[in-house]
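**Student:** Got a sequence here, can you build the structure:
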Amino acid sequence: MSHGGGTARGVTDPGGGELFIVDNSISGWTVLEYLRQWTDVARSFDITTGFFEIGALLALDGKWQQVEKVRILNGTSRYLA
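**Tutor:** Residues are numbered from 1 along each chain as shown. Sure, this is the predicted structure:
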């Protein structure tokens, strides 16, 4: 999570649910703000990111504890030259 702008779009999950892909491409709508709002209605979060700071969870303190499960996949792509 970073503190840039973001966008969200829904994608149908093969399992029948909905997935939301959120990025920081639109100014004023951050992933942090998206997660802050959705903690009131979501049961879990699956977060995939190339860069994650523990400060992101601190910024959500009091909110992320409301969900049953938070999974974070952290990694970067390695391209062979």
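
**Student:** Quick check: mean pLDDT of stretch 27-40?
**Tutor:** Mean pLDDT, stretch 27-40: 85.

**Student:** Using CSV, write down the CA coordinates of it.
**Tutor:** Only the C-alpha atoms of stretch 27-40 are listed here, as CSV (Å, rounded to 0.1, in the frame of the first residue of the first chain):
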residue,chain,number,x,y,z
SER,A,27,-5.3,11.0,-7.3
GLY,A,28,-7.3,11.3,-4.2
TRP,A,29,-8.5,7.6,-4.0
THR,A,30,-5.9,5.6,-2.1
VAL,A,31,-5.7,1.9,-1.4
LEU,A,32,-5.5,2.9,2.2
GLU,A,33,-8.8,4.8,2.0
TYR,A,34,-10.4,1.9,0.1
LEU,A,35,-9.4,-0.6,2.8
ARG,A,36,-10.4,1.8,5.6
GLN,A,37,-14.0,2.0,4.1
TRP,A,38,-14.3,-1.7,3.3
THR,A,39,-13.3,-2.9,6.8
ASP,A,40,-16.9,-2.1,7.9
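
**Student:** Please state the backbone phi and psi of Lys63?
**Tutor:** Backbone torsions of Lys63, given as degrees, to the nearest 10, read phi -110, psi -50.

**Student:** quick one: the closest residue to it other than its chain neighbours from Gly50, how far?
**Tutor:** In this structure, Lys63 finds its nearest non-sequential neighbour in Thr39, 4.2 Å apart by CB to CB, 6 or more residues apart in numbering. Every residue, glycine included, has its C-beta placed from N, CA and C. Distance of Thr39 to Gly50, given as CB to CB, to the nearest Å: 23 Å.

**Student:** When these two are compared, which one has more neighbours?
**Tutor:** Thr39 (17 against 9; other CB atoms under 10 Å).

**Student:** Could you verify my assumption that the more buried one touches Glu68?
**Tutor:** No - counting by CB atoms under 8 Å, Thr39 stays clear of Glu68, with 11.0 Å between them.

**Student:** How about Ala59: what's its closest non-neighbour residue?
**Tutor:** Closest to Ala59 by CB to CB, 6+ apart is Leu32, at 5.8 Å.

**Student:** Next, the buried residues of the helix or strand harbouring Leu58.
**Tutor:** Assigned by DSSP states H and E, Leu58 falls within helix 54-59. Neighbour counts over helix 54-59 (16 or more other CB atoms under 10 Å) mark Ala56, Leu57, Ala59 as buried.
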